[in-house]
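Enquirer: one predicted model, sequence on top.
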Number of protein chains: 2
Amino acid sequence: MTAALLTDHYELTMVGAALKDGTADRRCVFEVFARRLPPGRRYGVVAGTGRLLELLREFRFDEADLRHLREEGIADEELIGWLSRYQFRGEISGYPEGELFFPGSPILTVSGTFAECVVLETLILSVLNHDCAVAAAGARMVTAARGRPLIEMGSRRTHEEAAVAAARSAYLAGFAYTSNLEAGRRYGIPTTGTAAHAFTLLHDDERTAFASQVAALGKDTTLLVDTYDIADGIRTAIAVAGPELRAVRIDSGDLSVLAAHSRQLLDSLGATETKIIVSGDLDEYAIASLAAEPVDIYGAGTAVVVGSGAPTANLVYKLVEVDGRAVVKRSEHKATVGGRKTAVRRHKPTGTATEEVVVSQGLPERQAGDQPLQRDFVTGGEQVDDIPALTQSRERLHDALISIPWEGLKLSAGDPAIPVTVVPAS
Amino acid sequence: MTAALLTDHYELTMVGAALKDGTADRRCVFEVFARRLPPGRRYGVVAGTGRLLELLREFRFDEADLRHLREEGIADEELIGWLSRYQFRGEISGYPEGELFFPGSPILTVSGTFAECVVLETLILSVLNHDCAVAAAGARMVTAARGRPLIEMGSRRTHEEAAVAAARSAYLAGFAYTSNLEAGRRYGIPTTGTAAHAFTLLHDDERTAFASQVAALGKDTTLLVDTYDIADGIRTAIAVAGPELRAVRIDSGDLSVLAAHSRQLLDSLGATETKIIVSGDLDEYAIASLAAEPVDIYGAGTAVVVGSGAPTANLVYKLVEVDGRAVVKRSEHKATVGGRKTAVRRHKPTGTATEEVVVSQGLPERQAGDQPLQRDFVTGGEQVDDIPALTQSRERLHDALISIPWEGLKLSAGDPAIPVTVVPAS
């Protein structure tokens, strides 16, 4: 299966009509941006570009694709012919993964003929809307965790392939591990996991289950202690594994109270180095509320993979330029500025970001502390060699979050961390 | 790529330990159910089972999978050997797609050895949590649309593969069309689409764009009239296509006002049969608010594919029986009943559902009007022949929604439409 039918019907209809009327080859610029962030969010996180570029490499219409389009009457022979030769030969540039964005930031720019650019709309938006949504939620959790490691364990709460992409975005956001084995294979993300409640229930009693796990995995493992009574579970865990047990996990109950009690109990049993992992419907607010408690590692599932209240990043893909002419839709509520944009982020001498300047059909006036935000990903249809690796993007985000004004890191609802000034073409 | 690594790390860890201690072959029953519906929801919709069964047919660990697990130290040779021979040989039964569910309904039951059942946990939950979430949101929109057709056009707002599954769930829920071409190919769902704002902007003016579209697609097409001024757009559309134009689409603005004005204008131009399609961030409430307006077709995007505020269905996969013994986790907040459940839905003589009775390790006392809810999907590892087709599931949901008390169809927050009585084993 190619990626080519991960596309909305109307893109092919438009190409078909444009081929007939001679506009298909007009030089066009499309931009991806968000008109607004999800309610109360202070920044967006660019994620998914690397995954998108991989999918674009296989964006071709093969025989099976074309047969379907012909049989269903979706494409006539002229369009079928064009699709059969389809190969993107244009340019793609944008913000690298891990960069922050704000309303109006042109995070991806696609230029080429109308026809070759418009058929990519759905795939580009699907990848970026999903991955950016997860990364933004993940980044807030990482901030809330204040340096304590996070495990992404939400695969079961989202579509099975979205789960793999979500693990990637969470890792980019700063999570330390994922539970998802395919994400480990595909992206090299460290995976982790030991046992579920089912493993305890399978055995005749908790002690037998713990003994089995320690026999199989050694003491450098995590015992899940809340299947029955948590205090009993901890005592049994230490009785079985000794104070060298790596960690206990608590997945239910009032985690702030339980973490403190568990720490006291572990210490009283001599297990002062045994870590406490907590999980169970943690979002950024729940994580923040545990800051003062003796928690060592957080496991986050549902909230991160569904974007913690914002499952999509509101990104749109808009035609902004045709044959050098700036174009813009002029309906009531969606006023935007046409023309290809160039973006820089301005900084104080201290390194703190102050604003993003986005200039249509021109270049921002250069100032000290300016950071150019766009880089080339595809030139003349060929992907450039230096697409950043996932670990580099992870570091980029870490650095970018340090650079924004401190109000930008608050979890509470507020304005975007810095303003974006969009300068129309003069 | 097989589906076998769409799995959480801990499932393999558990199998490894269970192989060593001799419990891997204990006969187990796992059940999928929701402890609660999303806040305020009155029913859940079973969706994804058909898609899951397809994925389970290819759930095998191939050489590449095993090499990864060996190289990463995730599996030792004993576990690698077991995984290399893995094939599910147990039984799967459950509620058919399109059936309703409520908190505690055992919508899927998986039985077999512990090891063969536990490795399916993540894939089962990923598919069902996603697909059920979309179907439930879609069903509320279909109810709100009161018989007017709906087009699913949300692919761009969700992960590219989740988009295909979302289109399937929306169709199951009663949507008439999808914009997603791959969903059309994979599941036979009717696709539709004509043009975006980009097509109008590409051309020198709106008239030229409309003329091109009509030349390519004929008058049986939909012209998007809100790129500039909507009234001008409608006049131009009818001037170009004549009153035989099939439809106009409005994607922005106050749709209730615009629909009424557009209808008047179309009628005054003699285009009394030209339909009005509205789209643009429609959810079930926005659709309901348009009930009195002259709207013919709704296009719904973001809200349906992200579950309209509930992007996951809260389904869990729990071990409930080991070698005939009912088991249950006993932590504070998650009391559930162990044992394999059998479920029936009770009805009044009028056909209105009154309650669901779920009996652990026994059969519900038979009453007139009882509807057995579970059917076999897999027996002895083999899928049964009569898995319902998607169109049948769509009809099932349509009928099921008629059978619940009318309060159950209200969009406002409320209790589940009918109660579930779970009867523990005696």
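Expert: Now that the structure is in, tell me what you want to look at. Residues are numbered from 1 along each chain as shown, chains lettered A, B, ... in the order given.

Enquirer: hmm, who's touching stretch A:177-193?
Expert: Identification of contacts with stretch A:177-193 by CB atoms under 8 Å, 6 or more residues apart in numbering or on different chains yields A:149-153, A:155, A:163-164, A:167-168, A:170-171, A:176, A:390, B:1, B:5-13, B:65, B:68-69, B:72, B:74, B:122. All C-beta atoms are positioned from the backbone trio N, CA, C, and that covers glycine.

Enquirer: looking at these, which are in strands?
Expert: Among the contacts of stretch A:177-193, the ones falling in strands (DSSP state E) are A:150, A:151, A:152.

Enquirer: gap between the residue in the stretch 101-250 of chain A that chain B sits nearest to and residue A:218?
Expert: Closest contact between the stretch 101-250 of chain A and chain B, by CB to the nearest CB, is at residue A:193 (3.1 Å). According to CB to CB, to the nearest Å, residue A:193 stands 15 Å off from residue A:218.

Enquirer: those two - which one has more neighbours?
Expert: residue A:193 (23 against 12; other CB atoms under 10 Å in any protein chain shown).

Enquirer: tell me the secondary structure at the more buried one.
Expert: The three-state label given to residue A:193 by DSSP: H, G, I helix; E, B strand; the rest coil is coil.

Enquirer: which stretches of chain A have low pLDDT?
Expert: A:331-335 (pLDDT under 70).

Enquirer: now with 90?
Expert: A:1-2, A:252-253, A:329-336, A:425-426 (pLDDT under 90).

Enquirer: any part of the longest helix along it near chain B?
Expert: Taking DSSP state H as the criterion, chain A has its longest helix at helix A:121-145. Yes: using CB under 8 Å from any CB of the partner chain, helix A:121-145 comes into contact with chain B via A:121, A:122, A:123, A:125, A:126, A:127, A:129, A:130.

Enquirer: and those residues, which two are furthest apart?
Expert: Taking CB to CB, the two most distant members of those are A:121 and A:130; they sit 14.9 Å apart.

Enquirer: which of the two has more residues huddled nearby?
Expert: Counted by other CB under 10 Å, residue A:121 and residue A:130 do not tie: residue A:130 has more neighbours, with 34 against 25.

Enquirer: who's in contact with the more buried one?
Expert: By CB under 8 Å, 6+ apart, the neighbours of residue A:130 are A:48, A:162, A:165, A:166, A:169, A:312, A:313, B:158, B:159, B:160, B:162.

Enquirer: any chance of those residues in TSV with neighbour count and distance to residue A:338 as columns?
Expert: Putting these into TSV (neighbours: other CB atoms under 10 Å in any protein chain shown; distance: CB to CB, whole Å) gives the following:
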residue	neighbour count	distance to residue A:338
A:48	32	25
A:162	30	33
A:165	28	32
A:166	32	34
A:169	31	31
A:312	25	24
A:313	29	22
B:158	31	28
B:159	32	30
B:160	28	28
B:162	30	32
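
Enquirer: just these now: which is nearest residue B:230?
Expert: Nearest to residue B:230 out of those is residue A:312 (CB to CB; 26.4 Å).

Enquirer: what's the spacing between stretch A:225-235 and its chain's center?
Expert: Put simply, stretch A:225-235 sits 35 Å off its chain's centre (CA atoms, centre = their mean, to the nearest Å).

Enquirer: is it anywhere near chain B?
Expert: Yes: using CB under 8 Å from any CB, stretch A:225-235 reaches chain B at A:226, A:227, A:228, A:229, A:230.

Enquirer: can I get the residues you listed in TSV including neighbour count, secondary structure and distance to residue A:78?
Expert: Output for these, formatted as TSV (neighbours: other CB atoms under 10 Å in any protein chain shown; DSSP: H, G, I helix; E, B strand; the rest coil; distance: CB to CB, whole Å):
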residue	neighbour count	secondary structure	distance to residue A:78
A:226	26	coil	64
A:227	24	coil	64
A:228	17	coil	69
A:229	15	coil	72
A:230	21	helix	69
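
Enquirer: domains in chain A, by residue range?
Expert: A:9-134+A:310-423, A:141-305 (automatic domain parsing).

Enquirer: pick the most deeply packed of these.
Expert: domain A:141-305 (a mean of 22; mean count of other CB atoms under 10 Å in any protein chain shown).

Enquirer: in contact with the closest residue to residue A:7 other than its chain neighbours, which residues?
Expert: Of all residues not flanking residue A:7 in the chain, residue A:122 sits nearest, at 4.9 Å (CB to CB, 6 or more residues apart in numbering or on different chains). For residue A:122, the contact set (CB under 8 Å, 6+ apart) comprises A:6, A:7, A:8, A:11, B:155, B:156, B:160, B:163, B:180.

Enquirer: residue A:58 now?
Expert: By CB under 8 Å, 6+ apart, the neighbours of residue A:58 are A:2, A:3.

Enquirer: and the gap between it and residue B:290?
Expert: Distance from residue A:58 to residue B:290, by CB to CB: 41 Å.

Enquirer: go on, residue A:162?
Expert: In terms of CB to CB, residue A:162 sits 31 Å off from residue B:290.

Enquirer: now swap in residue A:400 and tell me
Expert: Distance from residue A:400 to residue B:290, by CB to CB: 42 Å.

Enquirer: do residue A:227 as well
Expert: 50 Å.

Enquirer: can you list the strands that the one helix or strand residue A:32 maps to pairs with?
Expert: Here residue A:32, judged by DSSP states H and E, is contained in strand A:27-34. Strand A:27-34 has its sheet partners listed here by DSSP bridges as strand A:108-113 (antiparallel), strand A:315-322 (antiparallel).

Enquirer: those strands in the stretch 201-350 of chain A, which residues are they?
Expert: Under the criterion DSSP state E, counting those that start in this stretch, the stretch 201-350 of chain A carries strands at the ranges A:222-224, A:247-250, A:275-278, A:297-300, A:315-322, A:325-326, A:341-347.

Enquirer: which one of these lies closest to residue B:371?
Expert: From the strands of the stretch 201-350 of chain A, taking CB to CB, the stretch that ends up closest is strand A:222-224, at 38.2 Å.

Enquirer: packing partners for that closest one?
Expert: Here strand A:222-224 touches helix A:197-202, helix A:206-217, helix A:230-241, strand A:247-250, going by 3 or more CB pairs under 8 Å, 6 or more residues apart in numbering or on different chains; DSSP states H and E.

Enquirer: so what's residue A:136 up against?
Expert: So residue A:136 contacts A:38, A:41, A:43, A:44, A:45, A:173, A:307, A:310, A:313 (CB under 8 Å, 6+ apart).

Enquirer: got it, and residue A:249?
Expert: Residue A:249 touches A:194, A:222, A:223, A:224, A:225, A:226, A:276, A:277, A:278, A:279, A:299, counting by CB under 8 Å, 6+ apart.

Enquirer: re earlier: residue B:376: which of the strands of the stretch 201-350 of chain A is closest?
Expert: strand A:222-224 (32.7 Å).

Enquirer: got a list of contacts for that closest one?
Expert: Contacts of strand A:222-224 (CB under 8 Å, 6+ apart): A:194-197, A:199-200, A:210, A:213-214, A:233, A:237, A:240-241, A:245-249, A:251, A:275, A:277.

Enquirer: how much space separates the residue of the stretch 101-250 of chain A closest to chain B from residue A:101?
Expert: 33 Å.

Enquirer: who in the stretch 251-400 of chain A is up against chain B?
Expert: Within reach of chain B by CB under 8 Å from any CB, the stretch 251-400 of chain A has these residues: A:251-253, A:302, A:305-307, A:311-312, A:317-319, A:322, A:327-334.

Enquirer: which residues of the stretch 301-426 of chain A fall in helices?
Expert: With DSSP state H, counting those that start in this stretch, the ranges of helices along the stretch 301-426 of chain A come out as A:302-305, A:390-403.

Enquirer: list the helices and strands the shortest one packs on?
Expert: Contact partners of helix A:302-305 among helices and strands, from 3+ CB pairs under 8 Å, 6+ apart: helix A:121-145, helix A:160-173.
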